Every structure is written in C-alpha cells, then in structure tokens.
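Undergrad: predicted coordinates and the sequence they were generated for:
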Amino acid sequence: MAFGQEADRTVVSKATSAPAANSLFAKYLMEVGATADVSKSYGQQAAAITKVLSANAERNAVLIDNTGYARDLVLQSVAARLTSKGGKRLYRVNWNALFTLAKDEAAFDRELKGILAYLEANKATTTIYLDDIASFSSETPVLGAKVSQILYAALSQGKIQILSAADADTFERQIAGDKRLRSRFEKIEIAKDDDQGLSVTSFLPI
C-alpha cells in the first residue's frame, strides 16, 4: 500500500467517530455500533468474548471462525454487550484515513505510534478490533510488514487490547506457537458440529 492512497477496508454498519476529540489520534478510531437484533446472534461467543475483554485489559480475544461468516455478527454483538455493561467500548482503526493522510513512511510511523500510545493510555476503556490476526503476522502481513511489526510489539508487551479473528490453523501457528503472544490471548471457538456451539481456551504463561 502506497502512502497517500486509499486502503481497502471492510465497512461495519453504524460506526461512529471516536468521542475523545481532545486527542489528535482519536480521529483515526471508529466506534463499532450494533442494533438489538444483531446482538442476539452468536450470543454465547459474544458473551465469552465480552467476559475476556472486560476482566483484564491485558488479555485479548480471538474468535476462531473457519468460514469467516460469523465475524461481523459477533463483532457487533460484542460491541452491544460492552456498551450495555459500560466502561469499555469497541473501535476499529480507520486504516483508509491513516494511509491516505500520511505523506510518507515517517509520517505514517508517527501517526500509528501516536494511535497506539493513545490506546495504551486508554486501555481500560478502549478495545480495538482487527479484522484478522494477519494484521500482526510476520508471514502474511495484510497491512504491510512495518504495521505488523509495530502491532506485534504493542501486543506482545501488553500495551493494547484487541479483539480479532482467525481460522484454527492460523491461530495455532501464529499465536499458540509464539511464546510472547500465547499467554496474552484467549480463543473462542464456534464448535464444528454446531454453529452456536462454544469452546473457550486460555493460554497460561510458559
């Protein structure tokens, strides 16, 4: 992705800008919203993820969704549950704006690091959704190698909290097999024999 060009981005309905207008970097965050009807879909998974994200700001959640069908439904359901509980909200990074407004690599790095510093300072109330764990993968960095490296560093040090998604094989390879990441993540699975089934796995420090 060249700087100054628009990045491809999956659009989530009813996303609003971040309310923290006092931060120069909050402009790159979009709050994920949900309707009451959406929040009823995949309720078990959404409840399990909400519990993980609400209990410990240094723990991250990954939905294991091999087909990719459930991700947006679970995302919006989690957003609704977090909002109803109060205290924490779910956001996406507006990668389109970040890539478009950055004039060069140095400017992009400054903005991204500023966003992460803002998220770290507000970790108790702010969780970020990344569409796929490939966002911080060294093998298939969908947002570019530099973005992947910066996100990986922030996650491995527990500086930010995220919700993301992956297929089972990729999760095992990228997170369960990484001693710096595995203790910071919990995976929430949709059972193979039941679309509404549930399995939650915690990874203890090794």
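TA: Thanks, I have it.

Undergrad: what pairs with the one residue sitting closest to the centre of the chain across the strands?
TA: Closest to where the C-alpha atoms of the chain average out (Cα atoms, centre = their mean) is Tyr129, at 2.4 Å. As for beta bridges, Tyr129 partners with Arg92, Leu163 under DSSP bridges.

Undergrad: what segments of this protein are strands?
TA: For the chain, the strands defined by DSSP state E occupy 16-17, 29-31, 60-64, 89-93, 126-129, 162-166, 185-189, 199-202.

Undergrad: which of those strands has the lowest mean pLDDT?
TA: The weakest mean pLDDT among those belongs to strand 16-17, with a mean of 46.

Undergrad: and the residue nearest to Ile150 when sequence neighbours are not counted, how close does it get to Ser135?
TA: Leaving out its chain neighbours, the residue that sits closest to Ile150 by Cβ to Cβ, 6 or more residues apart in numbering is Leu112, at 5.8 Å. C-beta coordinates here come from the backbone N, C-alpha and C atoms, glycine included. Using Cβ to Cβ, to the nearest Å, we find Leu112 at a distance of 12 Å from Ser135.

Undergrad: list the residues that contact both of those two?
TA: Common neighbours of Leu112 and Ser135, using Cβ atoms under 8 Å, 6 or more residues apart in numbering, are Val147.

Undergrad: hang on, the earlier thing: so the residue nearest to Ile150 sits right up against Leu101, yeah?
TA: No. Between Leu112 and Leu101 there is no contact under Cβ atoms under 8 Å: 11.5 Å.

Undergrad: now do the contacts for Phe171.
TA: So Phe171 contacts Val62, Ile64, Ile133, Lys187 (Cβ under 8 Å, 6+ apart).

Undergrad: now the first one: how far from Arg110?
TA: When distance is defined by Cβ to Cβ, Val62 is 29 Å away from Arg110.

Undergrad: repeat for the third one
TA: Relative to Arg110, Ile133 is positioned 25 Å away (Cβ to Cβ).

Undergrad: more crowded one of these two?
TA: More neighbours surround Ile133 than the other of Ile133 and Arg110, with 25 against 12 (other Cβ atoms under 10 Å).

Undergrad: show the pLDDT at the closest residue to Thr50 other than its chain neighbours.
TA: Excluding its sequence neighbours, the residue lying closest to Thr50 (Cβ to Cβ, 6+ apart) is Arg81, at 4.3 Å. Arg81 carries a pLDDT value of 91.

Undergrad: Arg81 touches Ala47, doesn't it?
TA: Yes. Arg81 is within contact range of Ala47, at 6.8 Å (criterion: Cβ under 8 Å).

Undergrad: more neighbours: these two, which one.
TA: More crowded of Arg81 and Ala47, by other Cβ under 10 Å: Arg81, with 21 against 14.

Undergrad: relative to Ala107, how far out is the more buried one?
TA: Distance from Arg81 to Ala107, counting by Cβ to Cβ: 37 Å.

Undergrad: distance check, Ala134 against Gly144.
TA: Applying Cβ to Cβ, the value for Ala134 to Gly144 is 11 Å.

Undergrad: where do the contact lists of these two overlap?
TA: Counting by Cβ under 8 Å, 6+ apart, Ala134 and Gly144 have no common neighbour.
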